[in-house]
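Enquirer: Starting from these lines, generate the structure:
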Amino acid sequence: MGNIVKKPADSNRKPSESPAPASFCRALSTRMDPETLKIMGNEDYKNGRFAEALALYDAAISIDPNKASYRSNRSAALTALGRLLEAIFECREAIRIDPRYQRAHNRLATLYLRLGEAEKAMYHYKHSGPEADPEDIAKAKRVQSHLSKCTEARKLRDWNTLIKESRCAILAGADSAPQIFALQAEALMKLRKHQDADEALSKGPNFEVEECTKFLGPIGNAGLLVVRAQVDLAVGRFDDALEAAQRAARLDSSNKEVNYVIKRARAVAGARYKGNELFKAERFTEACVAYGEGLEHDPHNSVLLCNRAACRTKLGQYDKAIEDCTAALNVRPSYSKARLRRADCFAKLEKWEASIQDYEVLAREAPEDEEVSRALLEAKAQLKRQCGNIV
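Expert: Modelled structure (predicted):
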C-alpha cells in the first residue's frame, strides 16, 4: 500500500524540527496527486526529514482527508518529532476511516504502550494481525503487570514499592507516560525526597496542558497538575506551583486536594515574600518569624529553611542555622546555597572538618567557583593550625 517501512533509528541523528523547503515547495508548485505527495513524504521520512515528511502528508490530507494511510503516516512523522499525543489522535482518525487497517492499529498500540495505557495497547495489538511484534505484546503485558502493582502499592501507601514498580513500568516500555512519572514523583514526595521527585518529573514528557487534558480527561490531568504543583512548591518554584494548582482547579473544581495545594502555595509564597522584604530591611528577627510562618504550612520546604538559616546566621545563631541547612539538604542534597551556608556556619564555629566536607562537595559540583576554592583552602589551613596547637 506504499506505507512507511520501519527503519532502524540512527542514534546520532536528531529529528528535523524545522522543515527544509525543497520537497514541500515542489509539492506546492506542481499539481501533484495525493499519492505522489505521500510517496515523497515517505522518502523524506526514511531519510530522517520528519518535519518535511509531515508537511507533505498534510498536503496529501488536504486533498484527500479520508485516506487512512495518509493519517497513519502523518502519525509516524508526529511520533518521530516527539509529538506523541497528536500522533495518537491521528492514528485514531486513521482507524475511524478504516477500522481494519492493521498497520494503524499496530502504530496506535505502540503509542498507547509508550503512554502507559497497557490495556488499550493490548486491544490494538490484537487488531494488528501480522503487523504486531510478539515482543511488543510481551512488553504491554509487563507494563500492565507493573501498573497493577503500582495501584496496589499506592492504596497501601507503600511508597518504596510504588517507586520500584513505576520505574519498572517505564523501563518495560511506558517511557512517555506522564501519569507514571507523576506516581513516582508523588511517592518520592511522600518519602521527603524532594530533589528526586523533581528529577523524576523532569525525565517525563512535557506535553501541553490542553493536549494532556484531551488525552487523560480533565480529572486525570488535574491529578498530574497537583503533583507538579507540589513538586514545584517543594523546590522553591512558588509561582509555577500556584499556576499549576490553579490550572488543576479549573479542570476539577471539586478536588479538595487541589484547593488545599492552592492555599498552601499562597501561604508559602506569601511568607517567602514577606521574609525577603524584612531581610532586605535588615530586620532579621522578624524575617526569621515570617519564614517560620511559611514553614508551618510546609515544614520541609528547603527554600524557606535556607532563608531562615540566612537570618539565623545574621543573628549569630550558627547552630540553629546549621540545623535549618541540614533539614534543607535532607530533602535536596544538591541544594548548593544551603550547603554553602552550612559550610560558612561551620567555619564560624571553627568546626573545620565539617566545613571542609561541605566545601569539598561544592568544589566537586562547581570546580570553576573561585570563592568556594578559596574558602576550602582557608578551612584546610585553619584545620592545620588547629591541629598544630593541640598538645
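Enquirer: For the lengthiest helix in the chain, what is the distance to the chain centroid?
Expert: Ranked by number of residues, the top helix in the chain under DSSP state H is helix 256-280. Helix 256-280 sits 23 Å away from the centroid of its parent chain (CA atoms, centre = their mean, to the nearest Å).
Enquirer: next SSE after it?
Expert: Proceeding N to C from helix 256-280, the next assigned helix or strand is helix 284-297, under DSSP states H and E.
Enquirer: Pull out the buried positions in that following helix.
Expert: Residues 284, 287-291, 294-295, 297 are the ones in helix 284-297 that count as buried (16 or more other CB atoms under 10 Å). All C-beta spots, glycine's among them, are computed from the backbone N, C-alpha and C.
Enquirer: just stretch 236-249 next, same as before
Expert: Residues of stretch 236-249 classed as buried by neighbour count (16+ other CB under 10 Å): 236-238, 240-245, 247-249.
Enquirer: likewise stretch 378-391?
Expert: Neighbour count says stretch 378-391 has 379-380, 383 buried, by 16+ other CB under 10 Å.
Enquirer: what do you get for stretch 215-225?
Expert: For stretch 215-225, a neighbour-count test (16+ other CB under 10 Å) marks 215-216, 220-225 as buried.
Enquirer: among the residues you listed, which are in helices?
Expert: 215-216, 220-225.
Enquirer: How far does stretch 164-173 sit from its chain's centre?
Expert: Distance of stretch 164-173 from the chain centroid (CA atoms, centre = their mean) equals 15 Å.
Enquirer: what's the distance between D319 and V361?
Expert: 20 Å (CB to CB, to the nearest Å).
Enquirer: So the two - more neighbours on which side?
Expert: More crowded of D319 and V361, by other CB atoms under 10 Å: V361, with 18 against 9.
Enquirer: what helix or strand does the closest residue to the more buried one other than its chain neighbours sit in?
Expert: Counting by CB to CB, 6 or more residues apart in numbering, R339 is the residue found nearest to V361 once chain neighbours are left out, at 6.1 Å. Assigned by DSSP H and E, R339 belongs to helix 336-348.
Enquirer: now that helix: mean pLDDT?
Expert: For helix 336-348, the mean pLDDT works out to 97.
Enquirer: which secondary structure elements does that helix contact?
Expert: On a contact count with 3 or more CB pairs under 8 Å, 6 or more residues apart in numbering; DSSP states H and E, helix 336-348 meets helix 302-314, helix 318-331, helix 352-365, helix 370-388.
Enquirer: Would you reformat the ones you listed as a markdown table and include mean pLDDT and distance to S202?
Expert: Converted to a markdown table, the helices and strands packed on helix 336-348 look like this (pLDDT from 0 to 100; distance: least, CB to CB, whole Å):
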| stretch | mean pLDDT | distance to S202 |
| --- | --- | --- |
| helix 302-314 | 98 | 17 |
| helix 318-331 | 98 | 16 |
| helix 352-365 | 96 | 18 |
| helix 370-388 | 91 | 25 |
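Enquirer: And those helices: which comes nearest I95?
Expert: Closest of these to I95 is helix 318-331, at 46.2 Å (criterion: CB to CB).
Enquirer: Grab the CA positions of that closest one and hand them over as PDB.
Expert: Output of helix 318-331 as PDB, limited to C-alpha atoms (Å, rounded to 0.1, in the frame of the first residue of the first chain):
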ATOM      1  CA  TYR A 318      25.000  29.400  63.900                       C
ATOM      2  CA  ASP A 319      23.900  26.100  65.400                       C
ATOM      3  CA  LYS A 320      20.300  26.800  64.500                       C
ATOM      4  CA  ALA A 321      21.300  27.900  61.100                       C
ATOM      5  CA  ILE A 322      23.100  24.600  60.600                       C
ATOM      6  CA  GLU A 323      20.000  22.700  61.700                       C
ATOM      7  CA  ASP A 324      17.900  24.500  59.000                       C
ATOM      8  CA  CYS A 325      20.500  24.000  56.300                       C
ATOM      9  CA  THR A 326      20.800  20.300  57.200                       C
ATOM     10  CA  ALA A 327      17.000  19.900  57.100                       C
ATOM     11  CA  ALA A 328      17.000  21.600  53.600                       C
ATOM     12  CA  LEU A 329      19.800  19.300  52.400                       C
ATOM     13  CA  ASN A 330      18.000  16.200  53.700                       C
ATOM     14  CA  VAL A 331      15.300  16.800  51.100                       C
END
